[in-house]
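S.K.: Model the following, please.
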Amino acid sequence: MSAQPKTSKTKGGLIITFLLSAGFLTACGGERSDVNSGTTADITVNTPAQIINQSADDYNDNQNGLITHTTLKKWLDNWEENRPQGIKGKLVILQQAQGPAGAGFIKPDNRNVFTYVENSWREPRSNGVITIGTPGPGGIVLSGTGIDNLVKRYGIDLQNDLIVCAQGGAKSGTGNYMNQGRCWYTLSYWGVAQKNLAVLNGNNAYLAEEAQLGAAYFTDTVIQPTAHPSPLVNRQVSTVKDLKVDNTALYASVEDLINVLPLTDEPVNGDGVLLWDGRSLREYSAGLQAWGTNGQVTNTPLADRTASVRNAGSRQSHPRGALHLEYSNVLDVVNGVYYSKDTLRNILNGELSPTQQGFVSGGVSADYQYVQAGNAYQPGDTIYHFCETSARSGTTLIAAAVILGIPSRLYDSGLVEWNSLTGKTGSAGVDKNGLEVLPADSPWNTAGLSAPWFPNTPASIDPRNAYADPDSLTTGQVLATGPKITDPYAADAQAIPRADRAYKQPVTDTPVGSGNNNGGTGNGGSSGGSVLPPNPCGG
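M.R.: Model (predicted):
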């Protein structure tokens, strides 16, 4: 199919050389005694437009947001002399994975610069309708307890340190740059100021090449925390409760997504919303289409369209009005290096990427077409990013919110939730137990809000039903083992931001050290990942 012009767009561990002396420990000062006391300070509620970090045209000029090896080298050479204005603390590098031999870890000095491996940016949580997480795919942004456990683990000073979300890893480490995006998202969501947050361009294997940092700036030395017990392990020097901003608008629930959908799967310019589906074109089109060459979409349906369904869901589809551009179009996937700002700006405008792919729309007739230049992002749009589990969308979020400075929200539950919310209609929406996935009259039935969709075969659908009476199950039937629909008639789907706002809500008349937890239930709390010794207080 040749590309057709469109006149409008679719709407919307670790390393630590633990040579710490008693004198150094004394100089660090004590652990916080008031982390649970709260304050009476007001919390500022920010919009997505206020939670962005537009890059300089030359990435080498950035002191936060997307930084390059050139900037990092200056910091590694002399942090105290070269650290950015307004940063009084240490440099904390959070690699998403250990790199290959010779490039395992960006080398710290364990005095001002510290490197850790951390990639657990999600936990099982319920939005009131459905629970996403273990067992099953993905998870949602860390709860208040979860993020504060991470902050404590590494002794991070959220207001004075500069935190660098690095990929680490080898070449073609796709999961690493996805997690890097979720690192930025999680810390920004919980209120870390953009001046205290950076994203390092490129993976360790690329950066260790002599044309970039070179091998001298890396080490493979790993000191196991169990071999070096220290009172600095799990030292809470700050908490997200110190950050008097509410950035929960970065998160979008299924309810938020529903509220911005157009009436049909037709292009709409000027509506203030771009819905960005970052999955493969096969998934977006439910097995109907794939990319050919030279910016053409090919009409080559899968022989079995159920092969496009992910995570044993009840159907494959996309929210109506969504545009598609696979996440891999915003960066060099081998080296983990984002394309130039001009290139990304052109891609968001609807032009073809360096891999000769561009934004695609569906249309009620399912004639999937490349939208062409001028018909993707429009000035004034807020972008809603999503994929299957909102991992791949970590990269599109960096391209839009951190580089181009476009207001963005992440539909964190992703389409594993969206496609699970399928009401029973005939044989559709029935799982391998023969039970309904979701009652047909549930207000959260998204089937009618999707573009033409393709149902999975019942025998391939894992149970999602967690609201049935277990005693009613017959032999061999089980309740949900993946995403669990817990309340098909929930009044709303805002349980997560509501709990997280409560965690940070200021308290009054509370004595310092009283142990009041400031309402922080947070739907759970432990962050997984590498349990590695935290850095000391640093310079």
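S.K.: the longest helix in the protein is where?
M.R.: Counting residues, the longest helix in the chain under DSSP state H turns out to be helix 174-189.
S.K.: Just the CA atoms of that helix, as CSV, please.
M.R.: Extracted as CSV, the C-alpha positions of helix 174-189 are listed here (Å, rounded to 0.1, in the frame of the first residue of the first chain):
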residue,chain,number,x,y,z
THR,A,174,16.8,-2.7,25.0
GLY,A,175,15.5,-3.3,28.6
ASN,A,176,18.2,-1.0,29.9
TYR,A,177,17.1,2.1,28.1
MET,A,178,13.4,1.3,28.9
ASN,A,179,14.3,1.1,32.6
GLN,A,180,16.3,4.3,32.3
GLY,A,181,13.2,6.0,31.2
ARG,A,182,11.2,4.6,34.1
CYS,A,183,14.0,5.8,36.4
TRP,A,184,13.4,9.3,35.3
TYR,A,185,9.6,8.9,35.4
THR,A,186,9.6,7.5,38.9
LEU,A,187,11.9,10.1,40.4
SER,A,188,10.1,12.9,38.6
TYR,A,189,6.7,11.5,39.7
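S.K.: Report the next helix or strand after that helix in sequence order.
M.R.: strand 197-200 (DSSP states H and E).
S.K.: Check the average confidence over that following strand, would you?
M.R.: The average pLDDT within strand 197-200 is 98.
S.K.: Can you list the strands that it pairs with?
M.R.: In the sheet, strand 197-200 lines up against strand 65-67 (parallel), strand 162-166 (parallel) (DSSP bridges).
S.K.: gap between it and the chain center?
M.R.: 14 Å (CA atoms, centre = their mean, to the nearest Å).
S.K.: Same check on stretch 427-440?
M.R.: That offset, for stretch 427-440, works out to 30 Å (CA atoms, centre = their mean).
S.K.: So what's the model's average confidence on that stretch?
M.R.: For stretch 427-440, the mean confidence score works out to 89.
S.K.: May I have it as CSV, with CA atoms only?
M.R.: What follows is stretch 427-440 as a C-alpha-only set of coordinates in CSV (Å, rounded to 0.1, in the frame of the first residue of the first chain):
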residue,chain,number,x,y,z
SER,A,427,-17.6,-16.4,23.2
ALA,A,428,-15.5,-13.2,23.5
GLY,A,429,-14.2,-12.3,26.9
VAL,A,430,-14.3,-15.8,28.3
ASP,A,431,-11.1,-17.3,29.8
LYS,A,432,-9.7,-20.8,29.7
ASN,A,433,-11.9,-21.6,32.7
GLY,A,434,-15.0,-20.7,30.7
LEU,A,435,-15.6,-17.8,33.1
GLU,A,436,-16.2,-14.2,32.1
VAL,A,437,-13.1,-12.0,32.2
LEU,A,438,-15.2,-9.0,33.1
PRO,A,439,-19.0,-8.5,33.4
ALA,A,440,-20.4,-7.1,30.2
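S.K.: Can you give me the buried ones in that stretch?
M.R.: 428-433, 435-439 (16 or more other CB atoms under 10 Å). (Glycine included, C-beta is placed from N, CA and C.)
S.K.: mind putting the residues you listed in CSV, distance to L274 included?
M.R.: Listed next are the buried residues of stretch 427-440 as CSV, based on distance: CB to CB, whole Å:
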residue, distance to L274
A428, 30
G429, 29
V430, 34
D431, 34
K432, 36
N433, 39
L435, 37
E436, 34
V437, 30
L438, 28
P439, 32
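S.K.: Of these, which pair is most distant in space?
M.R.: K432 and P439 (18.0 Å; CB to CB).
S.K.: I'd like the average pLDDT over stretch 95-115.
M.R.: Rounded mean pLDDT across stretch 95-115 is 93.
S.K.: Same question for it: list its buried residues.
M.R.: Buried, per 16+ other CB under 10 Å, within stretch 95-115: 95-100, 103-108, 110-115.
S.K.: which residues in the stretch 401-539 of the chain form strands?
M.R.: 408-411, 454-455, 484-485 (DSSP state E, counting those that start in this stretch).
S.K.: would Q98 count as being in a strand?
M.R.: No: the assignment for Q98 by DSSP: H, G, I helix; E, B strand; the rest coil gives coil, which leaves it out of any strand.
S.K.: how about the nearest residue to it once chain neighbours are set aside, what does it touch?
M.R.: Leaving aside its chain neighbours, Q98 sits nearest to G104 (5.1 Å; criterion: CB to CB, 6 or more residues apart in numbering). Listed by CB atoms under 8 Å, 6 or more residues apart in numbering, the contact partners of G104 are 15, 98, 204, 218-222.
S.K.: Would you mind giving me the ChimeraX syntax to select the buried ones in the residues you listed?
M.R.: Typed into ChimeraX, the next command selects the buried ones out of the contacts of G104 (criterion: 16+ other CB under 10 Å):
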select :15,98,204,218,219
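S.K.: taking the contacts of G104 one by one, which sit in strands?
M.R.: Among these, DSSP state E puts 218-219 in strands.
S.K.: In the protein, mark out all the helices, start to finish.
M.R.: 22-28, 69-77, 79-82, 144-153, 174-189, 204-207, 254-258, 281-284, 341-348, 393-397, 414-418, 495-504.
S.K.: the inter-axis angle of the fourth one versus strand 162-166?
M.R.: Read that as helix 144-153. 100 degrees (axes from the mean of the first three to the mean of the last three CA atoms, to 10 degrees).
S.K.: try the longest one
M.R.: Orientation note: helix 174-189 sits at an angle of 150 degrees relative to strand 162-166 (the same axes, to 10 degrees).
S.K.: helices or strands up against helix 174-189?
M.R.: strand 140-141, strand 162-166, strand 197-200, helix 393-397 (3 or more CB pairs under 8 Å, 6 or more residues apart in numbering; DSSP states H and E).
S.K.: Pick the most buried one from these.
M.R.: helix 393-397 (a mean of 28; mean count of other CB atoms under 10 Å).
S.K.: how about TSV for the strands paired with strand 197-200, with mean pLDDT added?
M.R.: Putting those into TSV (pLDDT from 0 to 100) gives the following:
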stretch	mean pLDDT
strand 65-67	98
strand 162-166	98
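S.K.: that older thread, which stretch among the helices of the chain comes nearest R315?
M.R.: helix 414-418 (9.3 Å).
S.K.: neighbouring contacts of the closest one?
M.R.: With CB under 8 Å, 6+ apart, helix 414-418 has contacts from 130, 132, 136-138, 254, 257, 277, 279, 283, 310-311, 313, 317-319, 386-390, 393, 446, 450, 482-483.
S.K.: Buried residues in the longest helix of the chain, which are they?
M.R.: The neighbour-count check on helix 174-189 (16+ other CB under 10 Å) flags 174, 176-189 as buried.
S.K.: tell me the angle that helix makes with helix 495-504.
M.R.: Using the same axes, to 10 degrees: helix 174-189 against helix 495-504 is 50 degrees.
S.K.: how far does helix 174-189 sit from the chain's center?
M.R.: The answer for helix 174-189 is 5 Å, by CA atoms, centre = their mean.
S.K.: and the gap between the residue nearest to W79 when sequence neighbours are not counted and V92?
M.R.: Spatial nearest neighbour of W79, excluding adjacent residues (CB to CB, 6+ apart): N112 at 4.2 Å. Distance, N112 to V92, by CB to CB, to the nearest Å: 10 Å.
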